[in-house]
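Student: need a 3D model of the sequence below.
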Amino acid sequence: MTTESAASQAILSWYDRNARTLPWRLSPADRAAGKRPDPYRVWLSEIMLQQTTVAAVKSYFETFTLRWPRVEALAQAPSEEIMAAWAGLGYYARARNLHACAKAVVALHGGRFPATAEGLKMLPGIGDYTSAAIASIAFDEAAAVVDGNVERVTTRLHAIDAPLPAARPLIRRHVASMTPQRRPGDFAQGMMDLGATICTPKRPACVLCPLAGMCAARKAGTMEAYPVKAAKPAKPARRGAAFVAMRRSDGAVWLRRRPEKGMLGGMAEPPTSDWSIRGDGAADLTAAPFPASWVHAGAVGHVFTHFTLTLDVYRAEVAGPKTDDGIKTPDGWWSSPNALPAEALPTLMRKAIAVALPGAFGSLQSSPKRKPGRPRTKA
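Tutor: Prediction:
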């Protein structure tokens, strides 16, 4: 038996005993009975899990599958409802691609997902990793599935000292050689679970690892040195302003829709200045969307994948559809206090409103923890 086949058998045996119970996975009894995973649930979980943890995704997955149990239902849903349900999960382009993909599956494939990685990659929002994961888990294609957990396991197993991202083609070749023709999806999930629970970034539990006897890094005592990562450039710090207008008569907040393309595309927001990764927006009253008695209420910060952003937050009370000065507000809508929590507001904008109007969301929850730069670290 080759080292690769021995490793794959060890992973499968370990997975049979230690597989995590997750909402999108079949139960052990269903697997034993030969049931196949639902491609829709596999796809939905994989899109949600990109750059986000399992703990953060569980409640979102359950909400989506209860509300839209089949891909046809998701395809027919209004985009505003999908964005609102996604709010707080981050990386909002994924939600737009999720909707576009559901529509494509229904329109082009009669509601059935393509059964190969190559076919899946033709759909919106599905790249190399996601196509391989869906193909292996849902359709038993022996595709090499490589996420952050699998990278860590593989670089330690073979002591790959080339830094990421340059090492990724070599990692993929090793994973491809280990992936068995039989049960490739269970193997992929076993590798992910091993990285999430045993072969962790710090203090890996090598004594419990099924690959301990084969692991080059363990033999050398250098487990935590892998994977080797290239130094990251410092993130630029950007500034801008947010303007939270409250209607005096009923406490409603003025919102508008961000452009479909660009940061936080298609999401709701109180008006903000023209900030971006490339430059600052105005942080003072020169960026106010309309004349009003604006008062500085504080500032909020947010960390995006490639930059950090600080918004100065201004608050004003206005009379209604027109401001106190009789100038009409720009295109948008008034969201009542009862409707505000359900709006498709990204976490950054919820923070801004909460600074301007304490108590607007009760106890504001922080956004899900996620690790930028690679698909699905899913600890």
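Student: ok, T63 - contacts?
Tutor: A85 (CB atoms under 8 Å, 6 or more residues apart in numbering). For glycine as for every other residue, the C-beta is placed from the backbone atoms N, C-alpha and C.
Student: quick one: it from K35, how far?
Tutor: Noted for T63: a distance of 24 Å to K35, by CB to CB, to the nearest Å.
Student: go on, P165?
Tutor: For P165 relative to K35 (CB to CB), the value is 37 Å.
Student: in the stretch 201-350 of the chain, which spans are helices?
Tutor: Counting by DSSP state H, counting those that start in this stretch, the stretch 201-350 of the chain has these helices, from start to end: 216-220, 347-356.
Student: give me the contact list for the longest one.
Tutor: To tie it back to what came earlier, the one meant is helix 347-356. Applying CB under 8 Å, 6+ apart, the set of residues contacting helix 347-356 is 87-88, 90, 242, 244, 246, 253, 264, 267-270, 272, 297-300, 302, 309, 311, 313-315, 340, 345, 360-361, 364, 366-367.
Student: try 6 Å
Tutor: When contacts are defined by CB atoms under 6 Å, 6 or more residues apart in numbering, helix 347-356 is touched by residues 88, 242, 244, 269, 297-298, 300, 302, 311, 313, 315, 360-361, 364, 367.
Student: same check on stretch 154-170?
Tutor: By CB under 6 Å, 6+ apart, stretch 154-170 touches 171, 174-175, 211, 215-217, 223, 226-230.
Student: try 7 Å
Tutor: 171, 174-175, 199, 211, 214-217, 220, 223, 226-230 (CB atoms under 7 Å, 6 or more residues apart in numbering).
Student: that one: end-to-end distance?
Tutor: 10 Å (CA to CA, to the nearest Å).
Student: same check, this time on stretch 256-266
Tutor: 10 Å.
Student: going by neighbour count, which residues in that stretch are buried?
Tutor: 257-258, 263-264, 266 (16 or more other CB atoms under 10 Å).
Student: filter the residues you listed down to the ones in strands?
Tutor: If you go by DSSP state E, the buried residues of stretch 256-266 have R257 in strands.
Student: now the two most distant members of the buried residues of stretch 256-266.
Tutor: Taking CB to CB as the measure, the buried residues of stretch 256-266 span a maximum distance of 13.5 Å, between R257 and M263.
Student: what lies in contact with the helix or strand containing L44?
Tutor: L44 is part of helix 39-49 when elements are defined by DSSP states H and E. For helix 39-49, contacts defined as CB under 7 Å, 6+ apart pick out 24, 57, 60-61, 64-65, 70-71, 89, 94, 98, 113, 125, 130, 133-134, 137-138, 376, 378.
Student: most surrounded residue in the contacts of stretch 154-170?
Tutor: When neighbours are taken as other CB atoms under 10 Å, the top entry among the contacts of stretch 154-170 is C199 (29 neighbours).
Student: got the contact list for that residue?
Tutor: Taking CB under 7 Å, 6+ apart, one finds 152-153, 156, 209 in contact with C199.
Student: now, which of these sits nearest D30?
Tutor: Closest to D30, out of all of the contacts of C199 and judged by CB to CB, is V153, at 26.0 Å.
Student: could you pull out the helices for the stretch 1-150 of the chain?
Tutor: 3-18, 28-32, 39-49, 54-67, 71-76, 79-86, 93-109, 117-120, 128-139, 148-158.
Student: possible to save those helices as JSON lines with mean pLDDT?
Tutor: Rendered in JSON lines, the data for the helices of the stretch 1-150 of the chain read as follows (pLDDT from 0 to 100):
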{"stretch": "helix 3-18", "mean pLDDT": "91"}
{"stretch": "helix 28-32", "mean pLDDT": "80"}
{"stretch": "helix 39-49", "mean pLDDT": "96"}
{"stretch": "helix 54-67", "mean pLDDT": "95"}
{"stretch": "helix 71-76", "mean pLDDT": "98"}
{"stretch": "helix 79-86", "mean pLDDT": "91"}
{"stretch": "helix 93-109", "mean pLDDT": "95"}
{"stretch": "helix 117-120", "mean pLDDT": "97"}
{"stretch": "helix 128-139", "mean pLDDT": "96"}
{"stretch": "helix 148-158", "mean pLDDT": "97"}
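Student: hang on, N97 packs against G125?
Tutor: Yes: at 2.8 Å, N97 counts as touching G125 under the criterion of CB atoms under 7 Å.
Student: on that earlier part again, what is the nearest of the contacts of C199 to S8?
Tutor: The closest of the contacts of C199 to S8 turns out to be V153 (CB to CB; 12.1 Å).
Student: and K121, which of the helices of the stretch 201-350 of the chain is closest to it?
Tutor: That would be helix 347-356 among the helices of the stretch 201-350 of the chain, by CB to CB, at 30.2 Å.
Student: any idea how far that closest one is from the middle of the chain?
Tutor: Helix 347-356 has its C-alpha centroid displaced from the chain centroid by 20 Å (CA atoms, centre = their mean, to the nearest Å).
Student: coming back round to it: which of the helices of the stretch 201-350 of the chain sits most buried?
Tutor: helix 347-356 (a mean of 23; mean count of other CB atoms under 10 Å).
Student: just the CA coordinates of that helix, formatted as PDB?
Tutor: C-alpha atoms of helix 347-356 as PDB (Å, rounded to 0.1, in the frame of the first residue of the first chain):
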ATOM      1  CA  THR A 347     -22.700  44.800  10.000                       C
ATOM      2  CA  LEU A 348     -20.800  48.100   9.400                       C
ATOM      3  CA  MET A 349     -24.000  50.000   8.800                       C
ATOM      4  CA  ARG A 350     -25.700  48.500  11.800                       C
ATOM      5  CA  LYS A 351     -22.800  49.700  13.900                       C
ATOM      6  CA  ALA A 352     -23.200  53.200  12.400                       C
ATOM      7  CA  ILE A 353     -26.900  53.300  13.200                       C
ATOM      8  CA  ALA A 354     -26.400  52.000  16.600                       C
ATOM      9  CA  VAL A 355     -23.900  54.700  17.400                       C
ATOM     10  CA  ALA A 356     -26.300  57.400  16.200                       C
END
